[in-house]
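> have a look; sequence and predicted model below, questions after that.
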Amino acid sequence: MGQSYRDLIAWQKGIDLVTETYRLTQQFPREELYGLSNQLRRAAVSVPSNIAEGEARFSPREFHHFLATARGSLVEIETQIIIAEKLKYFEPEICQSMPERTAELGRILNGLIASINPK
């Protein structure tokens, strides 16, 4: 297996998603510090963390499982972004890039998941 989790495009894009999520949630109202802001940040951090942990397990079955968990966290982010937008925590044009980012990362994760034989 000569590559590291850091070489995976999914992990790299996951890290980008985390930094963008932190940037966006800085704009949230102070009362959301331990609410939606924290929830979004935790879900975002979960994506590249699960990719890295799964790749480090040396088992296709476990890697598959951790990628599926990362995909679940990605869907959480998508849902929470919709909630934040409806609550008007940021301008609509600011969050337009987030659905594009999560969709792209979702496609990459789906491809990676499909390429792994979990036997």
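Everything's here; your move.

> CA only for contacts and neighbour counts going forward, please
Will do.

> where is the longest helix in this structure?
helix 60-86 (DSSP state H).

> packing partners for it?
helix 36-56, helix 92-95, helix 97-115 (3 or more C-alpha pairs under 8 Å, 6 or more residues apart in numbering; DSSP states H and E).

> residues contacting Ile15?
For Ile15, the residues meeting the contact criterion (C-alpha atoms under 8 Å, 6 or more residues apart in numbering) are 45, 48.

> and it, which helix or strand is it part of?
Using DSSP states H and E, the element containing Ile15 is helix 9-25.

> avg pLDDT for that helix?
Per-residue pLDDT over helix 9-25 has a mean of 95.

> tally of neighbours for Ala103?
A count of neighbours around Ala103, defined by other C-alpha atoms under 10 Å, yields 15.

> what's the answer for the one 5 residues further on, then?
Residues within reach of Ile108, counting by other C-alpha under 10 Å, total 18.

> show me the contacts for it.
Shown in contact with Ile108 (C-alpha under 8 Å, 6+ apart): 9-10.

> same thing but at 7 Å, please
Counting by C-alpha atoms under 7 Å, 6 or more residues apart in numbering, Ile108 makes contact with Ala10.

> re earlier: okay, the angle between the longest helix of the chain and helix 9-25?
Here helix 60-86 runs at an angle of 20 degrees relative to helix 9-25 (axes from the mean of the first three to the mean of the last three C-alpha atoms, to 10 degrees).

> okay, the angle between helix 60-86 and helix 97-115?
Inter-element angle recorded for helix 60-86 and helix 97-115: 160 degrees (by the same axes, to 10 degrees).
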